[in-house]
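Undergrad: okay, predicted coordinates and the sequence, questions at the end:
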Amino acid sequence: MKLKDAEIGKSYIVKAISLPFQLERRLEALGMTEGTSIEIINRKGKGIMIIRLRGTRFALGCNITANIDISKEAA
């Protein structure tokens with residue numbers, strides 16, 4: 001499942017990030033690594049999202065959310 005398809009208010013686990021090298025490294029520096037838990041706070045339009053990652057809110061564009069694989073967090 002891609003991050004762009006996630007539902008508001010649910011938590012997910014990052015499985016893989018398939019972005020250009022520098023952008024991928026920037027997200028890793030901000031704390032988004034494989035196995036990290038993220039929560040979907042809001043979505044704007046097609047794929048633009050506001051997420052909570054390690055206690056901090058981030059806005060991600062549709063080009064980024066379309067290239068991050070996630071899975072549902074175990075309840």
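TA: Yep, that arrived.

Undergrad: which helices and strands does the lengthiest helix in the chain pack with?
TA: When the chain is parsed with DSSP state H, its longest helix is helix 21-29. With contacts taken as 3 or more CB pairs under 8 Å, 6 or more residues apart in numbering; DSSP states H and E, helix 21-29 sits against strand 11-17. From N, CA and C alone the C-beta is placed, and that goes for glycine too.

Undergrad: so what strands line up beside the strand it packs on?
TA: Paired strands of strand 11-17, with direction, are strand 37-44 (antiparallel), strand 68-72 (antiparallel) (DSSP bridges).

Undergrad: need the ones you listed in TSV (columns: distance to R57 and mean pLDDT).
TA: What follows is the strands paired with strand 11-17, written out as TSV (distance: least, CB to CB, whole Å; pLDDT from 0 to 100):
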stretch	distance to R57	mean pLDDT
strand 37-44	6	94
strand 68-72	16	95
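
Undergrad: tell me the contacts of the most centrally placed residue in the chain?
TA: The centroid of the chain falls nearest to L3 when counting by CA atoms, centre = their mean (5.4 Å). Applying CB atoms under 8 Å, 6 or more residues apart in numbering to L3 gives the contacts 12, 38, 49, 51, 60, 64-66, 68-70.

Undergrad: for the residues you listed, which one is nearest R25?
TA: I64 (13.3 Å; CB to CB).

Undergrad: residues in contact with that closest one?
TA: Contacts of I64 (CB under 8 Å, 6+ apart): 3, 19, 23, 27.

Undergrad: tell me the two of those residues that are most distant?
TA: L3 and L23 (13.8 Å).
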